[in-house]
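S.K.: Next one to model:
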Amino acid sequence: LISLLDIAMHDGVDTKTGYKFAEPPRPFAECKNMDEVFENYITQLRYFMDLQPQCEYINDEIHCEMDINAFRSSLVADCIGRGLDLVEGGSIYSVDGGPTAGSISTGDALAGIEYAVFDEKILTMDELLHACNTNFEDMTTTPNGPQIRAMLQSKAPKYGNDDDTADKWTVAVEEYIGKT
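M.R.: Next up, the predicted model:
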């Protein structure tokens, strides 16, 4: 999920591969508030969520052909009784809920954007993007990259610290996934 925020911050482009995914509603640098930031993020999330059933199907087909896992299946209710592997329909409930790891990191990152760009106005969106794109190593900016990283790590709200700012973004991501 956090990788999708990186893709959203780069206007739908995966910086590792150069591949363009969903067209965002607006360039990320032009987002004027957190609703627009979240909308850009959700655009990428929706794109990948739409691909998820196809990926799961391909994954299951490959597992059926190449990775029969009798031991793992024997640990799940009903596989033995049905005589079927997990991916062949042996369990009553699906063993996959889709890859949703990273919602807390995504919530923290969204809270960091909200804090630094919109609430405290410590950074502009362009400055934040530059810091991220240079891995917080650029010493020529004010504040410099390491200072920006330190500020985001120590000052921006984080999930689980009884701060509704960070918690609301993690909840927003999870709620979107849950209702979609």
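S.K.: Spell out, range by range, the helices that occur in the chain.
M.R.: 2-9, 34-66, 70-74, 79-82, 103-113, 125-133, 145-154, 164-179 (DSSP state H).
S.K.: Out of those helices, the one nearest residue 91 is which?
M.R.: The closest of the helices of the chain to residue 91 is helix 79-82. By C-beta to C-beta, the value is 5.8 Å. Every residue, glycine included, has its C-beta placed from N, CA and C.
S.K.: quick one: average confidence on the closest one?
M.R.: Mean per-residue pLDDT for helix 79-82: 88.
S.K.: Contacts for the worst-scoring helix or strand of the chain on mean pLDDT next, please.
M.R.: One helix or strand of the chain scores below all others by mean pLDDT, DSSP states H and E: helix 70-74, with a mean of 80. Residues from elsewhere that reach helix 70-74 (C-beta atoms under 8 Å, 6 or more residues apart in numbering): 79, 80, 84, 85, 86, 90, 91.
S.K.: measure the residue of the chain most remote from its centre to residue 90 for me?
M.R.: Distance from the C-alpha centroid of the chain peaks at residue 81, with 37.6 Å (C-alpha atoms, centre = their mean). Distance check for residue 81 against residue 90: by C-beta to C-beta, to the nearest Å, it reads 8 Å.
S.K.: that older thread, in PDB, please show the C-alpha coordinates belonging to the least confident helix or strand of the chain.
M.R.: Below are the C-alpha coordinates for helix 70-74, written out as PDB (Å, rounded to 0.1, in the frame of the first residue of the first chain):
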ATOM      1  CA  ALA A  70      -0.500 -30.800   1.300                       C
ATOM      2  CA  PHE A  71       1.000 -30.000   4.700                       C
ATOM      3  CA  ARG A  72      -0.200 -26.400   4.700                       C
ATOM      4  CA  SER A  73      -3.600 -27.600   3.500                       C
ATOM      5  CA  SER A  74      -3.800 -30.200   6.300                       C
END
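S.K.: was I right about residue 160 contacting residue 108?
M.R.: No: counting by C-beta atoms under 8 Å, residue 160 does not reach residue 108; the two are 9.3 Å apart.
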